[in-house]
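Trainee: the sequence and its predicted three-dimensional model are supplied below.
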Amino acid sequence: MKRNIIVLSILICLLIDMTSCTCQNKQYKRIFKTVWKKVNKSYYDPAFGGLDWKDIHDRYLPKIRGAENDQDFYRLVNRMLWELNVSHANLIPPGNLARSEPLVCAEGSPGFDLRLLNGEAVIISVRSGSPAWEAGLRPGYVIQAVDEIPVEQIIQEAELLMRPPYNCRGCTGIFTKAVLSRIYGSAGTQVSIKYSEDRGEEKDTSLIRIKRNGRALGPKGMLYLAVDFESKLLENGIGYIKLNTFQQPLAPQISNAIKSMGDVKGIIFDLRGNAGGEIEEMPDLFLNDTSLLFLRKSGNGETKMFFNPAEETYKGPLVLLVDQLSGSACELFAACLQAAGRAVVIGEQSPGAVMESDMKVFLNGSILMYPVAQPVTPEGRVLEGYGVVPDIEVGLDREMLLKGVDSQIDTAINILKRYNTIY
């Protein structure tokens, strides 16, 4: 009797597992079909760049049917999307948006930022008064491990998630975000950091992630949009504004910040690490005349996008800082102001992740980003895959950071000083 009960229990468990797998596979198939149809209907290029999108559907469908778990499913769908060879095509698993875009979607931060310099994860800035600052972390220090996971391992794991744009800048951006996604996280949680100081001495510290300014968005506040905004007056009467994302409500805040600075000799607009967002209203703050800013190419044809000056525009010297983590609308903004002769761009060539996209949130919490239009500069230059080439290319240097000098900001200050000397 006891043996029969055991056998019956095993059979029930097997049936439950089979039912669960069947339901799971049906959900995979539904999401896959929705993803394919969204792209098929909305893709900016009706010819799909020569790809047979229907054939791609037929190739991937049997693989989706055989997906054994979520990891396999999302890997397959994204592999299909990335055959388009454009940015802004991604199916993000539930709860993983902050891991994908930590600089703008992570709720909590210990208060420092980093970049990969010569293969090392180097701290480039530390917010005064933050947990990182209080623990003694400073620009130029090298992060060795996060929560006991070596940085080298984090980067190796990120290599499996390579996606367009397929260039060295895009790769560096993905690797950097992978490290940052381990450092950032939920507000109030703890992260352990292993790092080396200027003399190479290794140390360990534990930091509490503090909540960043921002707001929850989407169904039940499932998305968090962090807004890091900084404005100040530097020496020599030069204004400085830093922003991690472009959102419409921020335009008045930027305008007010410029007004509060008074009669400045120039403004440095720091867009390093800016993930983009919505370009609307941002160019208006700096344009002196009605301008054709860019062309928008979609499945419905080409649209000319004009921008008009705001009631009070800033007309003085303007420098934009960009790097390999400046993306999307941020790149479009910089390229258009550069092409119009309105700004000098300094820093590193951006990755070229410049597509207009829409978003769909599925019932299971996964998020689909899919491209719907391609912006092109007025002279016809495609930014996707190429990015913004600075007028003056300057990289960050660890030795200079250890001395408290940001080479890119320092170059911008010198350019504005020279401009004021000449004029």
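Mentor: The structure has been received and is ready for your questions. Residues are numbered from 1 along each chain as shown.

Trainee: could you pull out the strands for the stretch 201-350 of the chain?
Mentor: Listed in chain order, the strands of the stretch 201-350 of the chain (DSSP state E, counting those that start in this stretch) span 202-208, 210-211, 214-217, 223-226, 229-233, 238-243, 266-270, 291-298, 301-307, 318-322, 344-347.

Trainee: could you give the average pLDDT over stretch 340-359?
Mentor: Across stretch 340-359, pLDDT averages out at 96.

Trainee: including distance to Y386 and mean neighbour count, could the strands of the stretch 201-350 of the chain go into a markdown table?
Mentor: Glycine gets a C-beta too; all of them are placed from N, C-alpha and C. Formatted as a markdown table, these follow (distance: least, C-beta to C-beta, whole Å; neighbours: other C-beta atoms under 10 Å):
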| stretch | distance to Y386 | mean neighbour count |
| --- | --- | --- |
| strand 202-208 | 38 | 14 |
| strand 210-211 | 37 | 15 |
| strand 214-217 | 31 | 13 |
| strand 223-226 | 28 | 20 |
| strand 229-233 | 29 | 14 |
| strand 238-243 | 23 | 21 |
| strand 266-270 | 21 | 24 |
| strand 291-298 | 14 | 19 |
| strand 301-307 | 19 | 13 |
| strand 318-322 | 13 | 26 |
| strand 344-347 | 14 | 24 |
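
Trainee: quickly, which of the ones you listed bottoms out on average pLDDT?
Mentor: The stretch with the lowest average pLDDT out of the strands of the stretch 201-350 of the chain is strand 214-217, scoring a mean of 86.

Trainee: does anything pack onto that strand? Which helices or strands?
Mentor: strand 223-226 (3 or more C-beta pairs under 8 Å, 6 or more residues apart in numbering; DSSP states H and E).

Trainee: what strands flank the strand it packs on, and is each parallel or antiparallel?
Mentor: Take DSSP bridges as the rule and strand 223-226 pairs in its sheet with strand 214-217 (antiparallel).

Trainee: phi and psi next, for the residue lying closest to F175 once chain neighbours are set aside.
Mentor: Leaving aside its sequence neighbours, F175 sits nearest to I155 (C-beta to C-beta, 6 or more residues apart in numbering; 4.8 Å). Backbone geometry at I155, expressed as degrees, to the nearest 10, gives phi -70, psi -40.

Trainee: surely I155 meets A178?
Mentor: Yes: under the criterion of C-beta atoms under 8 Å, I155 makes contact with A178 at 6.4 Å.

Trainee: center of the chain - which residue?
Mentor: Nearest to the mean C-alpha position of the chain, counting by C-alpha atoms, centre = their mean, stands A275 at 3.7 Å.

Trainee: for the protein, which spans come out with low pLDDT?
Mentor: 1-22, 220-221, 422-423 (pLDDT under 70).

Trainee: care to break it down by domain?
Mentor: For the chain, automatic domain parsing gives the domain ranges 2-84, 108-211, 227-422.

Trainee: will you turn the ones you listed into a markdown table that also has distance to R99?
Mentor: Listed next are these as a markdown table, based on distance: least, C-beta to C-beta, whole Å:
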| stretch | distance to R99 |
| --- | --- |
| domain 2-84 | 12 |
| domain 108-211 | 4 |
| domain 227-422 | 12 |
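
Trainee: please enumerate the helices of the stretch 301-423 of the chain.
Mentor: 329-339, 398-402, 407-422 (DSSP state H, counting those that start in this stretch).
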